[in-house]
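*Asks:* Fold the following for me, if possible:
(2 chains)
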2 protein chains.
Amino acid sequence: MRGTVLHGTGDVRLEDMPEPGVWRATDAVVRVVASCVCGSDLWGYRGIAPVEGPKRMGHEFVGVVEAVGSEVRTVRPGDFVIAPFAVSDGTCAHCRNGIHTSCERGGYWGGTARAGHDIDGGQAEYVVSPFADGTLVATPGFPDASAVPGLLTLSDVMGTGHHAAVSAKVGPGDKVVVVGDGAVGLCAVLAASRLGAERVVAMSRHADRQALATAFGATDIVATRGDEGVAEVRDLLGGGADAVLECVGTKESMDQALHAVRPGGRLGYVGVPAGGPEFPVRHLFGNNIAVAGGVAPVRAYFDDLLPAVLNGEIDPGRVFDAEYPLDRVADAYTDMDNRKVIKPLLRP
Amino acid sequence: MRGTVLHGTGDVRLEDMPEPGVWRATDAVVRVVASCVCGSDLWGYRGIAPVEGPKRMGHEFVGVVEAVGSEVRTVRPGDFVIAPFAVSDGTCAHCRNGIHTSCERGGYWGGTARAGHDIDGGQAEYVVSPFADGTLVATPGFPDASAVPGLLTLSDVMGTGHHAAVSAKVGPGDKVVVVGDGAVGLCAVLAASRLGAERVVAMSRHADRQALATAFGATDIVATRGDEGVAEVRDLLGGGADAVLECVGTKESMDQALHAVRPGGRLGYVGVPAGGPEFPVRHLFGNNIAVAGGVAPVRAYFDDLLPAVLNGEIDPGRVFDAEYPLDRVADAYTDMDNRKVIKPLLRP
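*Replies:* Below you'll find the predicted structure:
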């Protein structure tokens, strides 16, 4: 079978790999139906995060179960499953607390499980899922092909945008600012709107993303950035936002986000810190700004979000604005890196 | 009249000052019945925070109103009043949001109001309160002398300990750790216990403070600190606390607090950052640790805490373990600095 490997800056390749198999009693073999490229994949691709040797890529995918180990109980061959971007055993204290990303035995696709073994990447034809019961979520019934993009967003971007909004305690009547117009930022707009925010300000300079933000419920668009953007937001909201959702992870975006929060307001952040700053404790202390978020435990949000996608309440699949066959995965990276596309969907 | 002035490291004096008066239509003149020394007063006294010229001291006091300006509506001469440690106009957007510490025109006792004028210190015989309606809280009826210490804690330490607990969302069943065994930390123990925490671990090395923590509801005492203390707490709570309340403000105490939080847990912090670190964003991100707190808007907590003190539900006045006449204010600083007393009460 074939899978995607990042070898270094700008060097991503589809390669032949060993065939999948049930290696452990808790494994499931999944035939990938769709996967995609994440903004965080670009940190390595761009050389911002160091790449130490070849790395299997892809942490978002949906597919069909082909085989399961003897201890697997909740998914069966033929099931359509969604893979959260983190592998989790579902049984440890952290999983029981709903923080599956801190699972004592889990890890990330393309990485190494805390239990010790390597984990496959999702930009591939097949994936062996460890801890299948704790990790994979089967849909009720086999979904229509049209539902695939929306379901795929539950692997990461929709759950992550939702995590930003939940962490910032977005609720009815809130004035919310979203920093970042990538797929996660756009999903954060959708999540904030769904949770009842009265105003949702999307900060974006790109017409296509502005349009999707508006379709997802943004009430205002601010195209300026940095100090200028902060000033515009503060004017618009009469002094700052109740909640700001940071969905980028750079020093600049975090500064912008923090200064858009009103005293007593909340920052929800999900952008992977990419050499970003530490939080400025005196600014937070003096202004009583709460900070919450982190690597999103999207597995915990399926009970809420899966029905919302299946019944059409939300349509986060619209973040995929281009499809590529898997053998053009390198082009998908290039086009996303160049901001030619918001988020590329890959079909094996 | 006489008031307390800090001139430099270790140099605090009671001095003659101009008599008080109603300078502005929103002022009230308060005859101080009791005030006290705060742990944060010691930052300047110890030379940790620079002292730039003589500074009037004291931000916690209770007293009796002697005169009011023509626009004052909610307090009258003869009223017994409690002064929150921040002056607030009660009308600006931040006050309406309950973040009185960010009041657009207010400030701190002994400092300068954002409206422009200097503000008296509370370790004095009299205080002129600006924005009397927005700042001072009158008790229902004139309290017994025995109630004075408890009411005085609402100026700062009880409200601040409560803010730590509220910021960390302490609720029924939670396992809570309190870092800091000063008056604020002890009040945080009391607040966490009152809010329903199942376990409250007080980190303290001093027998007198351990005893008071236990009286305030601590279920466990941990006398070790740093990495050793964190390890002990994690053992005790099976992996870390749901909520940690940081009530010191040093780099060491913040590190200790952050590492005692379980993944997905909350840090509530109220210790004034004294050259402390920035928050380590990658640790917070990777573990989904929420951080909230800051300079406590204690004015917002009177509706909840004043009845609790008056009806005897809580007795935070026990943090005052020594009384000094105001002319011995220098001794009060010395004894608090030497940890001979937890918190000294001053009587003019």
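*Asks:* how about the helices of the stretch 151-300 of chain A, start to end?
*Replies:* A:157-167, A:183-194, A:207-215, A:226-237, A:251-259, A:281-287 (DSSP state H, counting those that start in this stretch).
*Asks:* in stretch A:250-258, what counts as buried?
*Replies:* Residues A:250, A:253-258 are the ones in stretch A:250-258 that count as buried (16 or more other C-beta atoms under 10 Å in any protein chain shown). C-beta here means a position set from N, CA and C on the backbone, and glycine is covered the same way.
*Asks:* swap in stretch A:214-225?
*Replies:* By neighbour count on 16+ other C-beta under 10 Å, the buried set for stretch A:214-225 is A:214, A:216-222, A:225.
*Asks:* where are the low-confidence patches of chain A?
*Replies:* Scanning chain A for pLDDT under 70 picks out A:275-277.
*Asks:* contacting residues for the residue lying farthest from the centre of it?
*Replies:* Each residue of chain A has a distance to the centre, and by C-alpha atoms, centre = their mean the biggest one is for residue A:286: 31.7 Å. Residue A:286 makes contacts with B:102, B:294-295, as judged by C-beta atoms under 8 Å, 6 or more residues apart in numbering or on different chains.
*Asks:* re earlier: between all of the buried residues of stretch A:250-258, which two are at the greatest distance?
*Replies:* Using C-beta to C-beta, the buried residues of stretch A:250-258 span at most 12.5 Å, a distance reached by A:250 and A:258.
*Asks:* quick revisit: make a markdown table from the helices of the stretch 151-300 of chain A and add distance to residue B:308 to it.
*Replies:* What follows is the helices of the stretch 151-300 of chain A, written out as a markdown table (distance: least, C-beta to C-beta, whole Å):
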| stretch | distance to residue B:308 |
| --- | --- |
| helix A:157-167 | 31 |
| helix A:183-194 | 36 |
| helix A:207-215 | 46 |
| helix A:226-237 | 35 |
| helix A:251-259 | 34 |
| helix A:281-287 | 26 |
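*Asks:* what does the stretch 101-250 of chain A put close to chain B?
*Replies:* A:101-102, A:167, A:238-239 (C-beta under 8 Å from any C-beta of the partner chain).
*Asks:* which two from these end up farthest apart in space?
*Replies:* The distance between the two most remote of these (C-beta to C-beta) is 38.2 Å, for A:102 and A:238.
*Asks:* In terms of neighbours, single out the busier of the two.
*Replies:* residue A:102 (24 against 10; other C-beta atoms under 10 Å in any protein chain shown).
*Asks:* Could you give the number of residues near the residue nearest to the more buried one when sequence neighbours are not counted?
*Replies:* Using C-beta to C-beta, 6 or more residues apart in numbering or on different chains and skipping the chain neighbours, the partner closest in space to residue A:102 is residue B:263 (3.6 Å). Using other C-beta under 10 Å as the criterion, residue B:263 is surrounded by 23 other residues.
*Asks:* Could you measure from residue B:263 over to residue B:203?
*Replies:* Relative to residue B:203, residue B:263 is positioned 20 Å away (criterion: C-beta to C-beta, to the nearest Å).
*Asks:* got it, and residue A:83?
*Replies:* 41 Å.
*Asks:* repeat for residue A:202
*Replies:* Distance of residue A:202 to residue B:203, given as C-beta to C-beta: 44 Å.
*Asks:* Can you give me the first-to-last residue distance of stretch A:271-284?
*Replies:* 19 Å (C-alpha to C-alpha, to the nearest Å).
*Asks:* Which residue ranges make up each domain of chain A?
*Replies:* A:2-156+A:298-347, A:157-293 (automatic domain parsing).
*Asks:* Between these, which one is closest to residue B:269.
*Replies:* domain A:157-293 (7.4 Å).
*Asks:* Show me how far the closest one is from its chain's centre.
*Replies:* 16 Å (C-alpha atoms, centre = their mean, to the nearest Å).
*Asks:* who touches the nearest residue to residue A:8 once chain neighbours are set aside in this structure?
*Replies:* Nearest residue to residue A:8 in three dimensions, chain neighbours excluded: residue A:51, at 5.4 Å (C-beta to C-beta, 6+ apart). Residue A:51 makes contacts with A:6-9, A:44, as judged by C-beta under 8 Å, 6+ apart.
*Asks:* repeat for residue A:74
*Replies:* Contacts of residue A:74 (C-beta under 8 Å, 6+ apart): A:132-133, A:136, A:138.
*Asks:* from memory residue A:172 sits against residue A:194, does it?
*Replies:* No. The pair residue A:172 / residue A:194 is not scored as a contact, 11.1 Å apart, by C-beta atoms under 8 Å.
*Asks:* Looking at the two, which one has more neighbours?
*Replies:* When neighbours are counted by other C-beta under 10 Å, residue A:172 and residue A:194 differ, and residue A:194 comes out ahead with 18 against 8.
*Asks:* Residue A:309 is in contact with the more buried one, correct?
*Replies:* No. If you go by C-beta under 8 Å, residue A:194 and residue A:309 don't touch, sitting 11.3 Å apart.
*Asks:* Pull up the distance across stretch A:337-348, start to finish.
*Replies:* End residues of stretch A:337-348 are separated by 21 Å (C-alpha to C-alpha).
*Asks:* What residues of that stretch count as buried?
*Replies:* Those buried within stretch A:337-348 under the rule 16+ other C-beta under 10 Å are A:337, A:341-346, A:348.
*Asks:* what do you get for stretch A:53-73?
*Replies:* So stretch A:53-73, judged by 16+ other C-beta under 10 Å, has buried residues A:55-63, A:65, A:67-69, A:72.
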